[in-house]
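Trainee: Output the structure for:
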Amino acid sequence: MTLKKALFWIAAGSVFAALLTPLIFYTELYFPFITAKAYFFRVVSALGFFAWVGLAVLDPAYRPRRSWILGTFTAFMLVVLLASVLGTNPYYSFWSNYERMEGYVTFLHLFAFLLVASSVLTRDRLWSWFAHAALVCGAIEVLWAALQVAGIFPIGFAADRIDGTLGNATYLAIYLVFTFFIALMLLVQRSLSPLLQYVYGASMLLSVLGVFWTATRGSLLGLIGGIVLTAVLYSIFGKNTKNVRMVTGGVLGLALVFAVLVIGFKESAVVQSIPALRRVADISFTETTTIARFYNWETAWQGVTERPLLGYGLGNYGPVFDKYYNPKMWNQEQWFDRVHNIVFDWLIAAGFLGLIAYVSVIAALVYLIWKKSSTFTMLERAVLTGLVAAYCFHNLFVFDNLVSYIYFMALLAFVHARSTAGATPVFPATPVSYNVAGSVAIVLVVIAFPLSAWALNVPSYKQSALLIDALRVDIAKNLPEAKRLFEEALSYDTFGTTETRQQLISLTDHVVRINSIPVEERQAFVTFAASEMQKELDTKPRDAKFLAFAGQLLLQTGNFEQSMAMFNEAIALAPNKQFLYQPLIETIFRQGKLAEGLALAQRVHDMEPSNDLTWRQLVRSSLRAGNVEQYDALIEEAFATGRGDRVIGLAQQNLESQPDVAQAYATLAISLYRAGKNEEAIKVFTELGTKFPGAQAQTDALIEKIKRGEPLL
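Mentor: All right, here's what the predicted structure looks like:
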């Protein structure tokens, strides 16, 4: 095999290998479904890029060709780079963290993948192979999902939403939206044998089934909308035959029937028993998740107005969310790092310049699909446009991930390759001797690739593996081993150091509570954690989340003054996050400042009175401060305003913490009765009488009062 052929197949092979990314996970890494995929993709895309550069030096035919897609994406990369360099945390913008594994370094690999795929896969046959390989991977993914549904394989998070090998139902959903339209594209491209028609049809059906199992509303509605748009576009611009009209009418009819049945029977047992249907039926402007999205977008907009031109840099939404946090989101995720809307996400990451650049890429894609000189058939144009619409709709309510980015890059590369067939490369065919070109190619693949792959991936990979090993140690039996593993992990000092230190501090909070661990071992571990905590505070930008971790550690070790300083600093960065005040209030009470603690608990509760957590803390604070009148008033107010559930929740927590105290049972039973839950109250009183025989006569009398509807007190 010649050097040229070897380089070609390495480059092309890397593009095909990238299709395996959704299937990759490794439980020996921290965030195994995220990190393993990212490392795999980085390695294969880097290998393909270096091989392609050598190939392009050898043969001008493989050099990039000018198109609106490459032009706009290059401009997008430059804008994002500038935004990240000038952003609030350039280091994080470049490297990201284990939970996301994005950052500019990942976008560089995605750009490399786009360049290689669009320059090497220049023949329809290669793209056909690529599409079929994608469907095979998709079929494996759906099979894995089916085994999750059957209970054979575990589901990562939500018990009723399958996530396959992606570890996230939303990530899986958009991946299968892509595989659906890939199968549809193959189905409409040419005349097919009945067997292939069945194969592609089955692939589409499996993809729809997979999206349905994920119960991801944005993807499901995007898929339906994309299919409808495809049918409508072809009926308008394609051959308006009787068959086309029938298909279009059928698609529209099915969509309408689906909407009517789900919405019209939203309270039915059938709809409520199926997660996907229930979640679609629950969509409304008053639904909790929908409201949270609106609050989140409002928060993001406040951040945009502060830095409108270039935003904050990739991945830096967290501090914006903290600063402009809406207390009404108290029952949602407290550490959002994404806006869950592609428009606001890019406004935050790169400002209006970044958003314009991103939209320009989408516009270039649609333009090349529909321009008059396009080689796409009208049916292909309709399918590709349906895919773009489904993808964009999904991103209005969630955000991209590595797998969806890869498939979006593949879509860009495919349209670019079809649109530039026969065009002149961007770089002229300058003469390069074969020996020189060959030497360059060999150096790139044999030396540059291994060095870059090692430097960009291996240290953080090892740190991730050591972190997960440290977290698996039974600290009650072998705390020194956990300490040794944390020390070794932190010695690598990569972008994962902050997360490693967060886990170290969180673990230390448990260590100080385990009395069976020898005192000297506990002290050594606490000293080590405190040292690493201080290093983080000295070297990294202030972060409310890490400050909260640090404050909690100091609180548990009795350093009240320092813990208060940490909590106050965290609160300065996130003044409206009520839960950050809770440990501060605890610290104040532990110092015996009862009036001050109660006053702060009242002020925090008043920020957002609907917050059940701060209400409970205010109730407890009233008792701790000896203000029985306020305690009684809060309880009575809860019942008077129809919020007896608050009192019940408080009583249940007290019972969980005091399972051997008879009064805890009695308090819960009385609360249930006052809330109108008579049967549950009787059940608790019965349990009380059984567990404490001495109170049997009294509980029997109380049960009789409940049955007669009489007051218990």
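Trainee: In contact with Thr170, which residues?
Mentor: Counting by CB atoms under 8 Å, 6 or more residues apart in numbering, Thr170 touches Thr214, Thr216, Gly218, Ser219, Val398, Asn401. Where C-beta positions appear, they are placed from N, C-alpha and C, glycine not excepted.
Trainee: State the number of residues packed around Leu412.
Mentor: 25 (other CB atoms under 10 Å).
Trainee: Likewise for the one 3 residues further on?
Mentor: Val415: 24 surrounding residues under other CB under 10 Å.
Trainee: 51 is where my numbering starts, stick with that
Mentor: Yep, numbering from 51; the last one is Val465 now.
Trainee: so what's the closest residue to it other than its chain neighbours up against?
Mentor: The shortest distance from Val465 to any non-neighbouring residue, by CB to CB, 6 or more residues apart in numbering, is to Leu418 (5.2 Å). The neighbourhood of Leu418, defined by CB under 8 Å, 6+ apart, consists of Ser117, Trp118, Ile119, Ser424, Val465, His466, Ser469.
Trainee: In these, which has the lowest confidence score?
Mentor: Among those, Ser424 has the lowest pLDDT, at 87.
Trainee: what residues does the strand or helix carrying Gln632 touch?
Mentor: Following DSSP states H and E, one finds Gln632 within helix 628-640. The contact list for helix 628-640 (CB under 8 Å, 6+ apart) reads 377, 380, 384, 594, 598, 601-602, 605, 610, 613-614, 617-618, 620-621, 624, 646-647, 650-651, 654-655, 657-658, 661, 663-664, 667, 671, 674.
Trainee: CA atoms only: put it into PDB for me.
Mentor: The C-alpha trace of helix 628-640 is given here as PDB (Å, rounded to 0.1, in the frame of the first residue of the first chain):
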ATOM      1  CA  GLN A 628     -31.500  30.700  49.700                       C
ATOM      2  CA  PHE A 629     -29.900  27.300  50.300                       C
ATOM      3  CA  LEU A 630     -26.500  28.900  50.700                       C
ATOM      4  CA  TYR A 631     -27.700  30.700  53.800                       C
ATOM      5  CA  GLN A 632     -28.800  27.400  55.500                       C
ATOM      6  CA  PRO A 633     -25.400  26.300  56.700                       C
ATOM      7  CA  LEU A 634     -24.600  29.900  57.600                       C
ATOM      8  CA  ILE A 635     -27.600  30.000  59.800                       C
ATOM      9  CA  GLU A 636     -26.500  26.700  61.300                       C
ATOM     10  CA  THR A 637     -23.100  28.200  62.000                       C
ATOM     11  CA  ILE A 638     -24.600  31.200  63.800                       C
ATOM     12  CA  PHE A 639     -26.800  29.000  66.000                       C
ATOM     13  CA  ARG A 640     -23.800  26.700  66.900                       C
END
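Trainee: Can you name every helix or strand that whatever helix or strand comes next after it contacts?
Mentor: Per DSSP H and E, the first helix or strand lying C-terminal to helix 628-640 is helix 644-657. Contact analysis of helix 644-657 by 3 or more CB pairs under 8 Å, 6 or more residues apart in numbering; DSSP states H and E lists helix 628-640, helix 662-674 as its packing neighbours.
Trainee: and if we set it to 10 Å?
Mentor: The helices and strands touching helix 644-657, judged by 3 or more CB pairs under 10 Å, 6 or more residues apart in numbering; DSSP states H and E, are helix 628-640, helix 662-674, helix 678-690.
Trainee: starting at the chain centroid, how far to the last one?
Mentor: The gap between where helix 678-690 is centred and where its chain is centred comes out at 40 Å by CA atoms, centre = their mean, to the nearest Å.
Trainee: Go through it and flag the buried ones.
Mentor: Buried positions in helix 678-690, judged by neighbour count with 16 or more other CB atoms under 10 Å: Gln680, Tyr681, Leu684, Ile685, Ala688.
Trainee: any idea how far Gln667 is from the third one?
Mentor: Read that as Leu684. 11 Å (CB to CB, to the nearest Å).
Trainee: intersection of neighbour lists for those two?
Mentor: Here Leu684 and Gln667 have His655, Leu700 as joint contacts, going by CB atoms under 10 Å, 6 or more residues apart in numbering.
Trainee: Can I get stretch 561-573 in PDB, CA atoms only?
Mentor: Extracted in PDB, the C-alpha atoms of stretch 561-573 (Å, rounded to 0.1, in the frame of the first residue of the first chain):
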ATOM      1  CA  VAL A 561     -15.000  11.300  57.300                       C
ATOM      2  CA  VAL A 562     -15.400  13.600  60.300                       C
ATOM      3  CA  ARG A 563     -18.700  11.900  61.200                       C
ATOM      4  CA  ILE A 564     -17.300   8.300  61.300                       C
ATOM      5  CA  ASN A 565     -16.100   7.800  64.800                       C
ATOM      6  CA  SER A 566     -14.800   4.300  64.100                       C
ATOM      7  CA  ILE A 567     -11.900   5.800  62.100                       C
ATOM      8  CA  PRO A 568      -8.800   6.400  64.200                       C
ATOM      9  CA  VAL A 569      -8.400  10.000  65.300                       C
ATOM     10  CA  GLU A 570      -5.000  10.400  63.800                       C
ATOM     11  CA  GLU A 571      -6.200   9.100  60.400                       C
ATOM     12  CA  ARG A 572      -9.100  11.400  60.400                       C
ATOM     13  CA  GLN A 573      -7.000  14.400  61.400                       C
END
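Trainee: now that stretch: mean pLDDT?
Mentor: The model assigns stretch 561-573 a mean pLDDT of 91.
Trainee: Could you list the residues in contact with it?
Mentor: By CB under 10 Å, 6+ apart, stretch 561-573 touches 525-530, 532-533, 554, 558, 574-576, 579, 603, 606-608.
Trainee: redo that, cut-off 6 Å
Mentor: Ile525, Ala526, Leu529, Phe575, Gln606 (CB atoms under 6 Å, 6 or more residues apart in numbering).
Trainee: returning to that earlier point: how much space separates the residue nearest to Val465 from Ile286?
Mentor: In terms of CB to CB, Leu418 sits 20 Å off from Ile286.
Trainee: Low-confidence stretches in the stretch 101-250 of the chain?
Mentor: Along the stretch 101-250 of the chain, the parts satisfying pLDDT under 70 run over 207-209.
Trainee: Kindly recompute the last result at 80.
Mentor: The stretch 101-250 of the chain contains residues with pLDDT under 80 at 206-210, 239-242.
Trainee: The chain too?
Mentor: Those would be 51, 206-210, 239-242, 288-340, 472-492, 494, 744-745, 752, 760-763, if you go by pLDDT under 80 across the chain.
Trainee: Relative to Gly268, how far out is the closest residue to Thr229 other than its chain neighbours?
Mentor: Excluding the flanking residues, the one nearest Thr229 by CB to CB, 6+ apart is Gly188, at 3.5 Å. Taking CB to CB as the measure, Gly188 falls 19 Å from Gly268.
Trainee: quick one: which of the two has more around it?
Mentor: Comparing Gly188 with Gly268 by other CB under 10 Å, the one with more neighbours is Gly188, at 24 against 19.
Trainee: how close does the more buried one get to Phe228?
Mentor: 8 Å.
Trainee: what do you get for Leu452?
Mentor: Leu452 is 13 Å from Phe228, by CB to CB.
Trainee: what do you get for Asn218?
Mentor: 15 Å.
Trainee: okay, the two: which has more neighbours?
Mentor: Higher neighbour count among Asn218 and Phe228: Phe228, with 23 against 20, using other CB under 10 Å.
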